[in-house]
Every structure is written in C-alpha cells, then in structure tokens.
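**Student:** coords below, sequence missing:
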C-alpha cells in the first residue's frame, strides 16, 4: 500500500467505516470536502445534484428506519443525503422563461451520474482528512420517504447516502475481483464458465465465504446473494417502488 | 489552490482536458489507475461494472461517430467506456444454480452508481499521475450502438466514457455555482426567485455568458440551455431510445 503518490494512496486505502468516534466534524473541514465535491465533472456544467447535511439527532431519528436502522445513521456525526436535482435548474429556467426540459428519463440518469461523481469526490476528500465513511445502498429502497423527511420537492431524487465521521475501527481492505475480471481490451471478452470460476476463485473459497456458507447452510456464495442478500423478489419490489416515485416526479413521461 | 493536502489539491484542480499530447499512456500507469477504480465503494461488493479500454485506431474510428465526432475520441491515446454490468454476475450465478436476479430497474440504477464511483476514482487517480481527461455525456445518447461496437452482451449498459491522455492544454477552472446553492442544512431549502437569481448571478453575468448571448441572439443563459444545448425534444427522444434499450435488456420488467 506504500506509494509515492499520496492521492493514489488515499484511493487504494479505502475501506467502508461503520463505527465512528464521538467527535464532531468541524464545519470548515466539511466545507472543504463539499467544495471538492462540486469540482467533479458534471453534465453540461448544470450541476443537477444537491446534498442535505444531517447533524441533528431529530433528523437522524427520522432517517434511521428508512435505512433499516443501520446504526451508522445515528452514530455518525454527519449524514449526507445526495440527490439528483433538476428542481433548482427548472426554477432558474422558469425565472428566465426557458422551457422546463429536464423532467425525463435521460436527466434522471444524468442526475444519478452527476450525484455520484459529486459523492465520490466527497468520499475521497473526506478520507484525505482522515475521516471514514460508508455509502448506504438503502437510499434507493426508500427514496420517496427519504425525500419526504428531508422536504425535497418534486424533481429531487435521493441517490446516495454517506455516513461520515472519524473512524473508531480499522478494518482490512475488502476483497475485490482481480482487475482482469472488470477490464476488457478493445472488445468485451466472452468468458467461458472456467474463466468465471477462475476470476471468482478467491472470493468463492475465502475463509470468510466458508464461514458464511456454514452459517447459512448454503452450497455457494452466489446463492447467499440471491437467496439472502438481494433476492429477485425484493429487487423487483424495490424496482416497482422506485419507478412509481420517478413516474410521480415526471421522469418517466413519454411522447 | 495551494493546500497542504495533496489529494484535496488534486480534486480542487480538476479541469476537463480535451487536447492531448501525442504520447501513449504506459500500461503499468493505466493498471494502477484502474486498480484505484476498483477500490471505490460498490453495492454489496458485487462490482456490477466493467470497462472496455480502447487504444486502437480502428475501434476509435467506430466509436467516434457515436460520440458525434467529438475530436477527443480519436485524439486521446486511451478511451475508457465504463458500463453497468450484471452479465458477469449472472454468469457466476448460473454456474452455481443461483437465480438470475439482477436484470431489473433497481440494478440498472445500482450499476449506474457503481460504474460512476469506479469512473470517478479512475479520473482522480489519472489526474494524480498528471494525466488529463474528459467525461463524454454522449455515452447515454448512443448506449446501444456503443454496446454493439464494443461487443457488449445483454446485461451490459455503457454509462460513462472517459478520454484520457497527457494534457496539451491548460484551461482555467470552470465556474461552479456557489457551494451554498447545492448544500442544504437539515432540510431542503425552498428558494425564492431572488435566492435563485442570487445563486446564479455570477454564471448569468460572466463575460463568457455575455459573449454566448450575443453569438446566439438570446436574452439569457437558461434559454441557451433549453433551445441550443439540451432541448426538451432531444431529451425526450434520447430518453425513449435509452428506455427501449433497457427494455430489450430486461431491465424494465415488472411483476
């Protein structure tokens, strides 16, 4: 992990941090981190994203069940809810008699991308200050309810949540697939079953996986994902819920 | 821009670079950059993304028109097409008799997010090596055609394209809205028209904007966006096209 390039060192050292010291984040540090966020690339320099900063116990109490009571929400000094946001841009358009043009599917996806570029710069900047963080995927499960709690108007869709604080744990790096699994040279490579077995070998056979299989009485890691963690039934139900929210926000309108 | 924190310095110095030196990127540098990419957070450590690396003139020739012949595609030594990818995960599931569960809307969005976290780490790592880059939003306009050229199978949706090379230009930082425009404290703030005018004041009245308005004979910047850059008609047409592609890939199936 030693490298002469400090930025690369920050990136290569990333671990999700789920336990935080009882220590606040100074406002000037948070401002610098957010400033790094807005320097990220974004579509057409339209900045179709926003962030709501949660520090108050009262708001954490409201957000917590929407994230299935994951303890990080209440334990972290700062929770950032980052949203795709065409509302501000539309407001500006309305003032200038410019047609409302960004309540459609393309701009939902642009908003997702821009929110996430913004979020990842925030994550990297935070780690450069010695902070730890965790992204919460549960944001998409209850996006509409989170928007309601944070009083987000139509046109604003929560995409990412980051819990942020000084680390009170020092976990090892998480396993990843070998780089060659995700990198394709010139054209997407069609893998054989044996290629896939080889790429997933370490993950399939780690001590951590063996322990999981024993605990769950399942024959392999893939089935842990499909029967325990992210089932088709849940995925379909959440998809429907998310699409219904996007429809109500006008993002699914067609000709 | 001087800061004692080198990672923050990298983030705050970001500019899109559209002109590149005629100089290749060594494979070991590219590998380190991609390795930084896969260290980014991702949903459930499922890594539902892939990247196709384009270096060949032949493939750049094919990609170029799909990005409306923006010169960066042919001029950059490396083009990265980063895709949401549930195909590899499904292949692994099939080998292990685990149910195919991720061809739905939730996982398209998770794939978008994970691709973009991966992409932004790549961008930051590249800049830490003195490289310059540009994200191409045109990826979404012709996602299906780009997937065909790169021989991506069903389940793989191009989301981001990054052109990458050693900079042959040194542009100034781009204007952004003031930080307070995108940051909300505890709850989303309802802005008045005057708040919005204030937040957009610098952008509305910059010399660059004045020049644009003169060239286009339009009364304000908002109308430049809605009548010239990203019109409702185009946005709706691209939305339909992208949704049709997602439907063919199974990502829009409902109960």
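**Tutor:** Cool, the structure landed. Note that the structure is a prediction, hence the values are computed from the model and not measured.

**Student:** for the lengthiest strand in chain A, packing partners?
**Tutor:** Ranked by residue count, the top strand of chain A under DSSP state E comes out as strand A:156-165. In terms of contacts (3 or more C-beta pairs under 8 Å, 6 or more residues apart in numbering or on different chains; DSSP states H and E), strand A:156-165 is packed against helix A:72-75, strand A:78-85, helix A:105-128, strand A:132-136, helix A:143-149, helix B:105-128. Glycine gets a C-beta too; all of them are placed from N, C-alpha and C.

**Student:** direction included, what does that strand pair against?
**Tutor:** Partners of strand A:156-165 in the sheet, by DSSP bridges, are strand A:78-85 (antiparallel), strand A:132-136 (antiparallel).

**Student:** would you turn these into a markdown table with mean pLDDT and mean neighbour count?
**Tutor:** Below are the strands paired with strand A:156-165 laid out as a markdown table (pLDDT from 0 to 100; neighbours: other C-beta atoms under 10 Å in any protein chain shown):
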| stretch | mean pLDDT | mean neighbour count |
| --- | --- | --- |
| strand A:78-85 | 98 | 26 |
| strand A:132-136 | 98 | 24 |
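
**Student:** would you mind giving the ones you listed as JSON lines with distance to residue B:81 added?
**Tutor:** JSON lines is the format used below for the strands paired with strand A:156-165 (distance: least, C-beta to C-beta, whole Å):
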{"stretch": "strand A:78-85", "distance to residue B:81": "22"}
{"stretch": "strand A:132-136", "distance to residue B:81": "24"}
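
**Student:** ok, the spatially most central residue of chain A - contacts?
**Tutor:** Centroid-nearest residue in chain A: residue A:160, 4.0 Å away (criterion: C-alpha atoms, centre = their mean). Counting by C-beta atoms under 8 Å, 6 or more residues apart in numbering or on different chains, residue A:160 touches A:80-82, A:115-116, A:119, A:135-136, A:139, B:113.

**Student:** out of those, who's nearest residue B:211?
**Tutor:** Closest approach between the contacts of residue A:160 and residue B:211, by C-beta to C-beta: residue A:115, at 30.5 Å.

**Student:** hmm, the closest one is touching residue A:83, no?
**Tutor:** Yes. Look at residue A:115 against residue A:83 with C-beta atoms under 8 Å: they come within range, at 6.3 Å.

**Student:** what's the overlap in contacts for those two?
**Tutor:** Overlap of the contact sets of residue A:115 and residue A:83 (by C-beta under 8 Å, 6+ apart) consists of A:49, A:159.

**Student:** could you list the residues in contact with the next helix or strand after the longest strand of chain A?
**Tutor:** As assigned by DSSP states H and E, the chain's next helix or strand after strand A:156-165 is helix A:179-182. For helix A:179-182, contacts defined as C-beta under 8 Å, 6+ apart pick out A:199-200, B:31, B:34-35, B:38, B:47, B:49-51, B:85, B:88, B:118.

**Student:** could you rerun that using 10 Å?
**Tutor:** The contact list for helix A:179-182 (C-beta atoms under 10 Å, 6 or more residues apart in numbering or on different chains) reads A:176, A:189, A:191, A:195-196, A:198-200, A:203, B:31-32, B:34-35, B:37-38, B:47-51, B:82-83, B:85, B:88, B:92, B:118.

**Student:** emit the PyMOL select command for whichever of the residues you listed are buried.
**Tutor:** Selecting only the buried entries of the contacts of helix A:179-182 in PyMOL, with 16 or more other C-beta atoms under 10 Å in any protein chain shown as the criterion:
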select buried, (chain A and resi 176+191+196+199+200+203) or (chain B and resi 32+34+35+37+38+47+48+49+50+51+82+83+85+88+92+118)
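
**Student:** and stretch A:141-157, what's buried?
**Tutor:** A:141-147, A:149-150, A:152, A:155-157.

**Student:** ok, of those, which one's closest to residue A:167?
**Tutor:** Of all the buried residues of stretch A:141-157, residue A:167 sits closest to residue A:146, with 25.1 Å by C-beta to C-beta.

**Student:** roughly how far does the nearest residue to that closest one once chain neighbours are set aside sit from residue A:92?
**Tutor:** What sits nearest to residue A:146 in space, not counting adjacent residues and going by C-beta to C-beta, 6 or more residues apart in numbering or on different chains, is residue A:158, at 4.6 Å. Going from residue A:158 to residue A:92 by C-beta to C-beta, to the nearest Å gives 21 Å.

**Student:** cool, and residue A:147?
**Tutor:** Distance, residue A:147 to residue A:92, by C-beta to C-beta: 20 Å.

**Student:** equivalent analysis for residue A:5, please.
**Tutor:** To residue A:92, residue A:5 is 39 Å away according to C-beta to C-beta.

**Student:** and for residue A:82?
**Tutor:** According to C-beta to C-beta, residue A:82 stands 20 Å off from residue A:92.

**Student:** kindly report the same for residue A:136.
**Tutor:** Distance of residue A:136 to residue A:92, given as C-beta to C-beta: 30 Å.

**Student:** and what of residue A:107?
**Tutor:** Separation of residue A:107 from residue A:92 (C-beta to C-beta): 14 Å.

**Student:** shaky segments in chain A?
**Tutor:** Scanning chain A for pLDDT under 70 picks out the ranges A:1-3, A:255.

**Student:** residue furthest from the geometric center of it?
**Tutor:** residue A:97 (34.7 Å).

**Student:** in what helix or strand does that residue lie?
**Tutor:** Secondary structure assignment for residue A:97, by DSSP H and E: no helix or strand.

**Student:** mind listing what it touches?
**Tutor:** Counted by C-beta under 10 Å, 6+ apart, residue A:97 has contacts B:219-220, B:222-223, B:226.

**Student:** just the residues you listed that are near chain A?
**Tutor:** Among the contacts of residue A:97, proximity to chain A is found for B:219-220, B:222-223, B:226 (C-beta under 10 Å from any C-beta of the partner chain).

**Student:** now, of the residues you listed, which are buried?
**Tutor:** Here, 16+ other C-beta under 10 Å leaves B:220, B:222-223, B:226 buried among the ones next to chain A among the contacts of residue A:97.

**Student:** just checking, which of the residues you listed belong to helices?
**Tutor:** Residues of those located in helices (DSSP state H): B:222-223.

**Student:** nearest to residue A:238 among the buried ones among the ones next to chain A among the contacts of residue A:97?
**Tutor:** Using C-beta to C-beta, residue B:226 comes nearest to residue A:238 of these, at 33.2 Å.

**Student:** excluding covalently adjacent residues, which one is nearest to the closest one?
**Tutor:** Nearest residue to residue B:226, sequence neighbours excluded (C-beta to C-beta, 6+ apart): residue A:98, at 4.2 Å.

**Student:** surely the one you found meets residue B:200?
**Tutor:** No. Between residue A:98 and residue B:200 there is no contact under C-beta atoms under 10 Å: 11.9 Å.

**Student:** now for these two: what residues contact both?
**Tutor:** Looking at what touches both residue A:98 and residue B:200 (by C-beta under 10 Å, 6+ apart), the common residues are A:89, A:92, B:220-222.

**Student:** okay, those residues in TSV with distance to residue A:239 next?
**Tutor:** Below are the shared contacts of residue A:98 and residue B:200 laid out as TSV (distance: C-beta to C-beta, whole Å):
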residue	distance to residue A:239
A:89	27
A:92	32
B:220	39
B:221	37
B:222	34
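
**Student:** farthest pair in those residues?
**Tutor:** A:89 and B:220 (13.3 Å).

**Student:** show me the contacts for residue A:241.
**Tutor:** A:140-145, B:105-106.

**Student:** and residue A:231, its phi and psi?
**Tutor:** For residue A:231, the backbone dihedrals are phi -80, psi 160 (criterion: degrees, to the nearest 10).

**Student:** once you drop chain neighbours, what's closest to it?
**Tutor:** Excluding the flanking residues, the one nearest residue A:231 by C-beta to C-beta, 6+ apart is residue B:101, at 6.4 Å.
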